[in-house]
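> This is a predicted model, with the sequence first.
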2 protein chains.
Amino acid sequence: MDIRTPGELGAVARGRRRALGLSQVKVAEAAGVSRVWLAEFENGKPTVELGRVLAVLTALELIVDVSAPGEAVSKAAPELDLDSLMEEYNREPHDRD
Amino acid sequence: MDIRTPGELGAVARGRRRALGLSQVKVAEAAGVSRVWLAEFENGKPTVELGRVLAVLTALELIVDVSAPGEAVSKAAPELDLDSLMEEYNREPHDRD
DNA sequence: CGCGAATGCCAGCGTACGTTTACATTCTGC
DNA sequence: GCAGAATGTAAACGTACGCTGGCATTCGCG
């Protein structure tokens, strides 16, 4: 999912956490943030600090990808051409809208 | 490119800005942030606020994508073992700390 | 070279972020 | 319906984020 606002990112993090069956307390401890902060982040607070956000996303094993329009996503290896990448991509069960 | 640290994100933003031939002043004005802040962000300051970060990325027409690995694909080097975390979570009687 | 733009960096200041603690509310399972 | 966890909020407080202004340094081009 492409992210445009803090609210969207928080929603994705919350969905991922719930999908993993984890509580805010567990994730907060794992990511090194307070439970209050995590709740605010999940609720879309725009002023949360980037480092903590990435810490939480990493703890949730969420992959953040940034690219310009028309660029490949998640270029694992420079030698890998986009066609193979897309084949692999389409082969995976990408549920979770 | 997949992002794991504020430094990486700042580097991507800087590269994109350069690719677009824009100065820090122009991008800062477009995104509604100060030039000092933009410089710090590009240099990997971890405490920058998420909302401003997304504003800059949007101004640079950078697409942020967040997704979870489909299955238990190659877990590169997760900083947190979620399996054992969930085990511990389900096993523990959840005592108050 | 030399000039100007671009960027890095410092000081000072107002403001609010993040933390802990506490309580209220919602959501579970029994 | 109840007990308990899970989550939402709020107050109080230390800290530093982000802003403006200024100046130093580097970069780019004539």
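Structure's in. What do you need? Numbers count the residues shown, from 1 in each chain, chains lettered A, B, ... in the order given.
> close enough to count as contact, residue A:1 and residue A:8?
Yes - counting by Cβ atoms under 8 Å, residue A:1 does reach residue A:8; the two are 7.3 Å apart. Placement of C-beta: from N, CA and C, glycine included.
> Quick one: list the elements packing against the longest helix seen in chain A.
Longest helix of chain A, by residue count under DSSP state H: helix A:6-19. Contacts defined by 3 or more Cβ pairs under 8 Å, 6 or more residues apart in numbering or on different chains; DSSP states H and E place helix A:6-19 against helix A:35-42, helix A:50-59, helix B:50-59, strand B:63-67.
> Helix A:6-19 and the last one, what's the angle between them?
Between strand B:63-67 and helix A:6-19, the angle comes out at 10 degrees (axes from the mean of the first three to the mean of the last three Cα atoms, to 10 degrees).
> Residue A:64 reaches residue A:55, doesn't it?
No - using Cβ under 8 Å, residue A:64 is not in contact with residue A:55; the gap is 11.7 Å.
> show me where pLDDT drops low in chain A?
Scanning chain A for pLDDT under 70 picks out the ranges A:71-97.
> Spell out which residues of it are next to DNA strand D.
Proximity of chain A to DNA strand D, by Cβ under 7 Å from any atom of the strand, involves residues A:17-18, A:23-25, A:35-36, A:39-40, A:42-43, A:49.
> Can you go through those residues and name the buried ones?
Neighbour counting over the residues of chain A next to DNA strand D (16 or more other Cβ atoms under 10 Å in any protein chain shown) leaves A:17, A:24, A:40, A:42, A:49 as the buried ones.
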